[in-house]
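1. need a structure here:
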Amino acid sequence: MKQEQVGIKTPEFVSLQFQLAGLGSRATGFIIDQLILLVVNALIIISLIILFTGEMDLLAYAGTDSLLLGLTIVGLFIINSGYFIALEYFSGGRTIGKRIVGIRAIQENGHSLTLLSSFIRNFLRIVDNLPAGYFLGIIMIYFHPTHKRIGDLVAGTIVVHERKAKRKKKLSPIEKEIIEKGLTKDDFNIDEWALQSLSQKDWNLINTYSNRLMQLPTNERSELTLQMAGLLFPKLGLEIAGKSHLDLENTLLVLYLILKEEWAYEL
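-> Residues are numbered from 1 along each chain as shown. Prediction:
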């Protein structure tokens, strides 16, 4: 029997509940991605034809050097495959199509995709496409209890609906502080690659820090900020030296805003 919900216990012993993405939402996201790639491929081919033949003549381009034609085919294959691998890894399991539909791919333990898991699940689209028209993938997603295709089974991934962040009727003291400071997620350039190294445990840490901050006197607040920066900044490749306590505090609060989107959910 197919499940619509799946419970996951993370390595940090946090229980999470996800709504599984079914065939309809996954197919819609995939079609959107294919339309985007269709436009990109067409623009690339048209540009190459004009560049090497001087006119819009597909037959003339097909008659050019076989090496050039082979390189074009290989290049388009890399672009089409790399689109899914790169976006799912760097955008938290979301391609453009998935983002529009509101779904994402994650590991079975609830963590974001690794580069390896993203590569495996997308490389095996070749198998899921057999015998044609993504037939095997459609059958697997429809009949598998957790809507997995071959790529998901081998990579250890699932596709789930995005969960809405908690909505609080009343702003907490730290949220008021962030608003008064005028801080946003875009205030500091924290590398997406570095953010991949942070886990649920780090979120729990920064969440506890942020909610305790407003209850502390100034000297204890500065000391706690320095301790937190010492724990988290090395993981993000950020420097502590030369920064004031206010700069460190603001950076940690921006980090709180970023991680809140990833980890603070209505369970």
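
2. Quick check: Leu226 touching His245?
-> Yes: between Leu226 and His245 there is a contact under Cβ atoms under 8 Å: 6.9 Å. For glycine as for every other residue, the C-beta is placed from the backbone atoms N, C-alpha and C.

3. Just confirm Phe84 contacts Asp33, I think it does.
-> Yes: judged on Cβ under 8 Å, Phe84 makes contact with Asp33 at a distance of 7.2 Å.

4. Need the residues touching each of these two.
-> Common contacts of Phe84 and Asp33 (Cβ atoms under 8 Å, 6 or more residues apart in numbering): Thr95.

5. quick one: which of these two has more around it?
-> Legend: neighbour count by other Cβ atoms under 10 Å for Phe84 and Asp33, higher for Phe84 (23 against 20).

6. helix/strand/coil for that one?
-> Following DSSP: H, G, I helix; E, B strand; the rest coil, we place Phe84 in the helix state.

7. Next, count neighbours for the residue lying closest to it once chain neighbours are set aside.
-> Excluding its sequence neighbours, the residue lying closest to Phe84 (Cβ to Cβ, 6 or more residues apart in numbering) is Asn122, at 4.3 Å. For Asn122, the count of nearby residues is 25 (other Cβ under 10 Å).

8. now do the one 3 residues further on
-> The local packing of Arg125 (other Cβ under 10 Å) involves 17 other residues.

9. Report the rounded mean pLDDT for stretch 121-133.
-> What stretch 121-133 shows for mean pLDDT is 91.

10. Buried ones in it, by neighbour count?
-> 121-122, 124-125, 128 (16 or more other Cβ atoms under 10 Å).

11. Could you do stretch 251-267 as well?
-> Counting neighbours by 16+ other Cβ under 10 Å, stretch 251-267 gives 251-260, 263 as buried.

12. Tyr142: which of these is nearest?
-> Nearest to Tyr142 out of the buried residues of stretch 251-267 is Trp263 (Cβ to Cβ; 31.2 Å).

13. ranges for the strands of the stretch 1-150 of the chain?
-> 5-9, 15-19, 103-107 (DSSP state E, counting those that start in this stretch).

14. most tightly surrounded among those strands?
-> strand 103-107 (a mean of 22; mean count of other Cβ atoms under 10 Å).

15. strands paired with it, and their directions?
-> strand 157-161 (antiparallel) (DSSP bridges).

16. What residues of stretch 143-162 count as buried?
-> Result for stretch 143-162 [16+ other Cβ under 10 Å]: buried residues 144, 146-152, 155-162.

17. Which residue comes closest to Tyr142 once chain neighbours are left out?
-> Going by Cβ to Cβ, 6+ apart, Tyr142 has Leu23 as its nearest residue, at 5.1 Å.

18. in terms of contact, does that neighbour touch Arg149 like I think?
-> No: the pair Leu23 and Arg149 fails to qualify as a contact (Cβ under 8 Å) at a distance of 10.0 Å.
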